[in-house]
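Visitor: test case, fold it:
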Amino acid sequence: MTLSQLSPMPDLSVLLTERSQTITAQWVEAVIQDQQIKSADQLSPTAIRDHIPHILAALATVLAETQESDIETIIRASLQHGALRAGQGFDPTEIAREYHLLRSQIIHVLRADLLQCTAEEVLRAVALIDAVVDGAIAQCFKSYVAERLQELDKLRGQLLLTNQELDRLVHSSQENLSVLAHELKTPLTSIIGYSELFLRQQQPVVRDTPHSLEHIERVVRNSRQLLRLINDTLELSRYEAGQMLLRLEPTNVRGVIQTVFEVIQPLAAASGLQLLLDDERAPDRVVTDPLRLQQILVNLMSNAIRYTEVGSVTLQCRVLSDGWWLIAVIDTGIGIDEANQAHVFEPFFQVLPSEPDRLTNSTGLGLAIVARMVKLLQGEISLTSEVGVGSTFTVVLPLETQSSDEQPNSTVVM
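Guide: Now for the predicted structure:
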């Protein structure tokens, strides 16, 4: 074979540009299938793809020997990617994992063409790909950290704003104070400890590592838990103090239910549960407080998901006679034994599931708040449950909730 018969060396920059869509599509599928990237489970392919095509286009300029490398696009796209992933709830290890998959997909798609190159060209191409991907990760983590720190700052501000009201609550009522102090202690200790650990890491390079980002994640996670606990406690105290007001208006019941399902669907999907709806006999409109109604449904549905390991959570809604309507949340969960059923609406009471991690987002106040909101809406709530079979929470409300000065002395009829 003469030199003229040898195949010309492929231009990897051109090949990368031509196969960018293939690499992107295969990478998106790999991210979806990867069990280590759970945050992508609820995202569309478009949301996962994000700015990766721009990174590939810029990488092609780096591989080209005849044009200037477009490093600016790589930096900009990676910064945008990190900010987006922070908003989507990715943790640092998931981001590192998706960039590892991107590196693998690039090499896989170009493998046949790389085999036609000399060893020196292959080493150069692989080194450039590694350098670009590593640089993209660094920029991605930079914006990711910035977003997380911004969220942490907002949470800190919210905690400061609620601090005075919490102080008033503590001084005005001793009920459940010891329990509240215990519940606040664990997340607060974690927030302080991890904040101090993070602040001691003064070098920017150190702060941008996945290990350091995990510390930030724990601070944010525990801050959210503490804020939920404080807000739920304040909500309960407002009711006890008679300061929880109603805004009554004609309300589209199915619209409220649709909003609740949009909020709850990701929680059910993450637990592998099926969400079912039976609203054929639901009232079209009622006069109530739509925000309080939504809070009742979200709390009941999320509570059902938390205590259901397999099966489904069903929301039933129908009109009753004599001006009343019914909401029932039915789960196939662990159930509640008869001795505990009388206590489920008490503050801080929790039925422990077989998987304690399911209580991560629980404050023990959800059902207590629900019971008080139902009473505020002039309704009643009841529970039927069997251990190992499931639970049904039933709320009966008037079709027209009346303002306090118009409320008659009446009994809810099932």
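Visitor: quick check: phi and psi at the residue lying closest to L59 once chain neighbours are set aside.
Guide: Nearest non-adjacent residue to L59, counting by CB to CB, 6 or more residues apart in numbering: V132, 4.9 Å away. C-beta: built from backbone N, CA, C; applies to glycine. Phi and psi for V132, reported as degrees, to the nearest 10, are phi -70, psi -50.
Visitor: T392 too?
Guide: Torsion angles at T392 (phi, psi; degrees, to the nearest 10) stand at phi -130, psi 120.
Visitor: where does the stretch 251-400 of the chain dip in pLDDT?
Guide: Within the stretch 251-400 of the chain, the segments meeting pLDDT under 70 span 347-365.
Visitor: in it, which spans are strands?
Guide: 274-281, 285-288, 312-319, 324-331, 380-386, 390-398 (DSSP state E, counting those that start in this stretch).
Visitor: quick one: the first one to strand 312-319, angle?
Guide: Regarding strand 274-281 and strand 312-319, their directions subtend 10 degrees when assessed with axes from the mean of the first three to the mean of the last three CA atoms, to 10 degrees.
Visitor: same question for the fifth one.
Guide: Angular relation of strand 380-386 and strand 312-319 on a 0 to 180 degree scale: 140 degrees, by the same axes, to 10 degrees.
Visitor: and E183, what pLDDT?
Guide: pLDDT, E183: 61.
Visitor: what's the answer for the one 5 residues further on, then?
Guide: At L188, the model reports a pLDDT of 64.
Visitor: quick one: mean pLDDT over stretch 109-127.
Guide: 85.
Visitor: try stretch 26-44
Guide: 88.
Visitor: same check, this time on stretch 76-89
Guide: Per-residue pLDDT values over stretch 76-89 give a mean of 84.
Visitor: could we number from 59 for the rest of this?
Guide: Renumbered: residue one is now 59, and that last one reads stretch 134-147.
Visitor: keeping just the C-alphas, turn that stretch into CSV.
Guide: The C-alpha atoms that make up stretch 134-147 are tabulated as CSV, following Å, rounded to 0.1, in the frame of the first residue of the first chain:
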residue,chain,number,x,y,z
ARG,A,134,-20.7,30.5,30.2
ALA,A,135,-22.5,27.3,29.4
SER,A,136,-21.0,25.5,32.4
LEU,A,137,-21.9,28.4,34.7
GLN,A,138,-25.5,28.3,33.5
HIS,A,139,-25.6,24.5,33.8
GLY,A,140,-24.5,24.7,37.5
ALA,A,141,-27.1,27.3,38.4
LEU,A,142,-29.8,25.3,36.7
ARG,A,143,-28.8,22.0,38.4
ALA,A,144,-28.8,23.8,41.8
GLY,A,145,-32.4,24.9,41.1
GLN,A,146,-33.3,21.3,40.0
GLY,A,147,-32.1,19.9,43.3
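Visitor: what comes up buried for it?
Guide: R134, A135, S136, L137, Q138, H139, G140, A141, L142, R143, A144 (16 or more other CB atoms under 10 Å).
Visitor: contact partners for the first one?
Guide: Applying CB atoms under 8 Å, 6 or more residues apart in numbering to R134 gives the contacts H112.
Visitor: hmm, the residue nearest to L117 is touching V120, no?
Guide: Yes: if you go by CB atoms under 8 Å, V190 and V120 touch, sitting 5.6 Å apart.
Visitor: okay, now the residue nearest to L117: neighbour count?
Guide: Neighbours of V190 under the rule other CB atoms under 10 Å: 24.
Visitor: and it, what does it touch?
Guide: For V190, the contacting residues are I113, A116, L117, V120, I132, by CB under 8 Å, 6+ apart.
Visitor: strands - which of these land there?
Guide: The members of these all map outside strands under DSSP state E.
Visitor: picking up where we left off before, mind listing which of the buried residues of stretch 134-147 are in strands?
Guide: Using DSSP E, none of the buried residues of stretch 134-147 sit in strands.
Visitor: pipe those residues into CSV and attach distance to I354 per row.
Guide: Formatted as CSV, the buried residues of stretch 134-147 follow (distance: CB to CB, whole Å):
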residue, distance to I354
R134, 45
A135, 44
S136, 43
L137, 41
Q138, 39
H139, 39
G140, 38
A141, 35
L142, 33
R143, 33
A144, 31
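Visitor: need the strands of the stretch 309-458 of the chain in a markdown table (columns: distance to R214).
Guide: Formatted as a markdown table, the strands of the stretch 309-458 of the chain follow (distance: least, CB to CB, whole Å):
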| stretch | distance to R214 |
| --- | --- |
| strand 332-339 | 35 |
| strand 343-346 | 35 |
| strand 370-377 | 34 |
| strand 382-389 | 35 |
| strand 438-444 | 36 |
| strand 448-456 | 35 |
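Visitor: can I get those strands in JSON lines with distance to A183 and mean neighbour count?
Guide: Formatted as JSON lines, those follow (distance: least, CB to CB, whole Å; neighbours: other CB atoms under 10 Å):
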{"stretch": "strand 332-339", "distance to A183": "48", "mean neighbour count": "13"}
{"stretch": "strand 343-346", "distance to A183": "65", "mean neighbour count": "19"}
{"stretch": "strand 370-377", "distance to A183": "52", "mean neighbour count": "19"}
{"stretch": "strand 382-389", "distance to A183": "55", "mean neighbour count": "21"}
{"stretch": "strand 438-444", "distance to A183": "63", "mean neighbour count": "16"}
{"stretch": "strand 448-456", "distance to A183": "58", "mean neighbour count": "21"}
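Visitor: ok, back up a step: which two in the contacts of V190 are spaced the farthest apart?
Guide: I113 and V120 (10.4 Å; CB to CB).
Visitor: okay, these two: which has more neighbours?
Guide: Shown here are I113 and V120; by other CB under 10 Å, I113 has more neighbours (27 against 20).
Visitor: hmm, S136 and that one touching each other?
Guide: Yes: I113 is within contact range of S136, at 6.7 Å (criterion: CB under 8 Å).
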